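In: I would like the atomic coordinates for the input below:
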Amino acid sequence: MSEHRPVAVVADDSATLRRILTTVLGEAGFEVVTADDGVEAVQAVFRTMPDVVILDVQMPRVSGYVAARVLKDDWMTADLPVLFLTSLNAASDRYWGARAGGERFLTKDFEASELVDTVRDAILAAARSRNGRPAMKAEPIELTDDDVLARVTDLLDRKLFEASVTQDVTAIAADVHGFEETVAAVLRAMENIVDCDLAAVLLLDPSGSAPEATYVSVSRPVTEQQYLEMLEGLAEASEQATGIPTAAHHLAPMVADPQGGLGTADADLVDHPGVATFLSMPLRAGGRLLGVLALSSATPNAFGESALTTLRLVAPPAAVVIDHARLSGVRV
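Out: Predicted coordinates:
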């Protein structure tokens, strides 16, 4: 039985460089699949499920950076080692390459032995990261140009959303003055981003061991039962985060209810008068546990994977903004 030849996808818009790479890697025992641009690179990877991907940065249609992000965004190709081979060599280029998911960064004045060693090292590093588990190879699939461009558009839309959410939460520190006002602004931001009935922040004391203050925002009419169950969920989330027993009746929440919705929902007219869906996330800043951010809804399965992803996205900047407001010592 012949020995397995590792497969490398090489993408570069220079035919000369593709020939050089094919020759060098071929002589080193690799099977090489080439692509002319970023779209063809993504197609070649999903078609062959290779062992390593080598991308030029400046390519037609889709750049190497974007192609790498598309590959790292899909579970089928996320673990493939990606190398950038480019004439760009500024610190900003290397930074952006790493942010795009590149494990190695080579300039085009490479030596043949350097290229081969770098490719092999990247494959070995990927193997070590699996802790002895074999590489998970998905079934190859064929992608059209439109399929690839649709993935690019979806990825860019999500990244823009993430950047916008982070920017909006971070801007609270500059636009809002006062501690309680800052917490209220964070809760309003959450209500604008995730459809919920109640949003809450539980803050721990400076030691990070016991609840110090609890803030609840009412977005729409809710029953008293749902409100009380929300507090119980917060207490449980605090206990899970700190390991210290926490009782809901000790939270003494401050409630923001501008529409007068608390206790106005008719329990006889709703399927779940209490909390049907509860989602929480620890708030950490500078390595310290500040508290818990939570959402609840009377609707079953109200928060899907997107809500969880959004909460994970919002929690870090929200923690920094709240911590900054608390450290400033200003209360309203």
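
In: any weak-confidence spans in the chain?
Out: Residues of the chain meeting the criterion pLDDT under 70: 1-3, 132, 268-272, 329-332.

In: Strands of that one, residue ranges please.
Out: 7-11, 31-35, 52-55, 82-86, 104-107, 198-204, 211-218, 254-256, 277-285, 288-297 (DSSP state E).

In: So which elements touch the longest one?
Out: For strand 288-297, the packing partners by 3 or more C-beta pairs under 8 Å, 6 or more residues apart in numbering; DSSP states H and E come out as helix 179-193, strand 198-204, helix 224-242, strand 277-285, helix 305-328. From N, CA and C alone the C-beta is placed, and that goes for glycine too.

In: from the ones you listed, which stretch is densest packed?
Out: By mean neighbour count, with neighbours taken as mean count of other C-beta atoms under 10 Å, strand 198-204 ranks first of the helices and strands packed on strand 288-297 at a mean of 25.

In: Look up how far residue 293 lies from residue 13.
Out: Going from residue 13 to residue 293 by C-beta to C-beta, to the nearest Å gives 46 Å.

In: For the residue nearest to residue 288 when sequence neighbours are not counted, which residues are in contact?
Out: The shortest distance from residue 288 to any non-neighbouring residue, by C-beta to C-beta, 6 or more residues apart in numbering, is to residue 208 (6.1 Å). Residues in contact with residue 208 (C-beta atoms under 8 Å, 6 or more residues apart in numbering) are 242, 288, 289, 290.

In: Now do residue 208 against residue 174, distance only.
Out: Distance from residue 208 to residue 174, by C-beta to C-beta: 27 Å.

In: got it, and residue 27?
Out: 58 Å.

In: before we move on, what about residue 190?
Out: 19 Å.

In: Please apply the same query to residue 138.
Out: 45 Å.

In: the more surrounded of these two?
Out: Neighbour count, other C-beta atoms under 10 Å: between residue 138 and residue 174, residue 138 has more, with 11 against 8.

In: Look up the closest residue to that one, ignoring the ones flanking it.
Out: residue 76 (4.0 Å).

In: dump the residue contacts of that neighbour.
Out: By C-beta under 8 Å, 6+ apart, residue 76 lies in contact with 46, 49, 138.

In: Surely residue 36 and residue 10 touch.
Out: No. Between residue 36 and residue 10 there is no contact under C-beta atoms under 8 Å: 10.5 Å.

In: Name the residues contacting each of the two.
Out: residue 18.

In: Who has more neighbours out of the two?
Out: Set residue 36 next to residue 10 and count neighbours by other C-beta under 10 Å: residue 10 wins out with 27 against 18.

In: ok, what's across the strand from the more buried one?
Out: With DSSP bridges as the criterion, residue 10 is bridged to residue 34, residue 54.

In: burial measure for residue 112, as a count.
Out: 14.

In: Tell me who's in contact with it.
Out: So residue 112 contacts residue 24 (C-beta under 8 Å, 6+ apart).

In: Same question for residue 235.
Out: So residue 235 contacts 211, 246, 247, 248, 250, 251 (C-beta under 8 Å, 6+ apart).

In: What separation is there between the first one and residue 225?
Out: Translated: residue 211. 22 Å.

In: got it, and residue 257?
Out: Distance from residue 257 to residue 225, by C-beta to C-beta: 16 Å.

In: Provide the partner residues of the closest residue to residue 204 other than its chain neighbours in its beta bridges.
Out: Nearest residue to residue 204, sequence neighbours excluded (C-beta to C-beta, 6+ apart): residue 291, at 5.0 Å. Per DSSP bridges, the residues bridged to residue 291 are residue 203, residue 283.

In: Tell me, how many residues neighbour residue 291?
Out: 30.
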